[in-house]
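> for reference, the sequence and a predicted model appear below.
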Amino acid sequence: MTVKQLAAVLALAAASTASSAQTDSLAQFDYQAKKAPVNQVVHYVKSNLDGTKRLVLSLHFGAPLQVEALKVEADGRYLALVTARLDPKSLTESWMRSYNRLELGKPNLQMSMDSDPGQRRLVATVAKATLPVKVGHLPAHIYNFDLTGMNATLPFLKNRRADFEVGILDPDFEFLRTKFKPDGGVQEGGMVDKGKATFRYLKDEVLDEIPTHRFEVSGPAFGNVAGSLWINAKDGLIERFEHALPDNPDWKSFRLERIASQPMNKAQWEAFKAATVKRAQGMRDAE
């Protein structure tokens, strides 16, 4: 075998290894735009498992695979907004923009994220640094986005009483705390692939008078520590999620509980956000 032939064999072997590491469970989903929640707001309370450190999370589904998440902390004093779009082929967040300090009247862009065309890779931008991450399993979702991306895809499950899997991506908060350089260019390791999360169907369960499908949550993405997911049997969205693993180091664990839903078109949503900002500004002025 010549050197050139050996190089070709090694290249094929490397390509085969790389491709074998990329998996998907897209066959468990059937994306149809007519199944998507549209012109609807779903309100949640996010907290630790014991109910401490509460905030209100309002999700507006403005169009199929498009969602905005308004976070209201400290009884309305501090506000953040994340807007995202998911790719209909991969059912994965492909475009995100995250803002805080809405209560100051001029939203501050914290993070942006875009898909890398033609590759299973997402690239986050923070300050002047870029944080790329390769996606091992599709669909993939950001845990730190409060599983909002996954929430938008759950209505497309072919069988809501069957096990399913998703990939989990997340910032490496220790890396961001100790190694991140705002002007450091490309920084591998700032965003990481946590592996697959498994959702094992357990039973149908009435949760606070709401019919739901209950799943056990585990897998490598959660360090094989078990948690629970309840999917609303009517609209297919998250009714409750509980896990010992927090999605942000400011929390000790993670509980997401649905408290209300209502129809809301784009104009009404914009008015709702404006009223929330005005209320926050009024509270700050009164202090």
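Received, thanks.
> average pLDDT across the strand or helix carrying residue 123?
Taking DSSP states H and E as the definition, one finds residue 123 inside strand 121-126. Strand 121-126 shows a mean pLDDT of 96.
> packing partners of it?
strand 92-100, strand 108-115, strand 129-134 (3 or more C-beta pairs under 8 Å, 6 or more residues apart in numbering; DSSP states H and E). Where C-beta positions appear, they are placed from N, C-alpha and C, glycine not excepted.
> hmm, 6 Å instead?
Applying 3 or more C-beta pairs under 6 Å, 6 or more residues apart in numbering; DSSP states H and E, one finds that strand 121-126 contacts strand 108-115, strand 129-134.
> quick one: contacts of stretch 259-269?
39-43, 45, 60, 62 (C-beta atoms under 6 Å, 6 or more residues apart in numbering).
> next, the buried residues of that stretch.
261, 264, 269 (16 or more other C-beta atoms under 10 Å).
> can the residues you listed go into CSV with extra columns for pLDDT, distance to residue 238 and secondary structure?
Listed next are the buried residues of stretch 259-269 as CSV, based on pLDDT from 0 to 100; distance: C-beta to C-beta, whole Å; DSSP: H, G, I helix; E, B strand; the rest coil:
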residue, pLDDT, distance to residue 238, secondary structure
261, 97, 11, strand
264, 98, 18, coil
269, 98, 19, helix
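> just give the number of residues close to residue 214.
17 (other C-beta atoms under 10 Å).
> repeat for residue 64
Neighbours of residue 64 (other C-beta under 10 Å): 20.
> nearest spatial neighbour of residue 226, skipping sequence neighbours?
Closest residue to residue 226 apart from its sequence neighbours, by C-beta to C-beta, 6 or more residues apart in numbering: residue 218 at 4.8 Å.
> pretty sure that neighbour sits against residue 229.
No: using C-beta atoms under 6 Å, residue 218 is not in contact with residue 229; the gap is 10.5 Å.
> those two: which has the busier surroundings?
residue 229 (25 against 18).
> would you mark the buried spots in the strand holding residue 123?
Going by 16+ other C-beta under 10 Å, strand 121-126 has these buried residues: 122-124, 126.
> what of stretch 48-61?
Of the residues in stretch 48-61, 53, 55-61 count as buried by neighbour count, 16+ other C-beta under 10 Å.
> report the two of the residues you listed separated the most.
Using C-beta to C-beta, the buried residues of stretch 48-61 reach their maximum pairwise distance at 53 and 61, which is 25.9 Å.
> separation between residue 282 and residue 106?
17 Å (C-beta to C-beta, to the nearest Å).
> re earlier: could the buried residues of strand 121-126 go into CSV alongside distance to residue 242?
What follows is these, written out as CSV (distance: C-beta to C-beta, whole Å):
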residue, distance to residue 242
122, 27
123, 32
124, 27
126, 29
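> much appreciated, bye for now.
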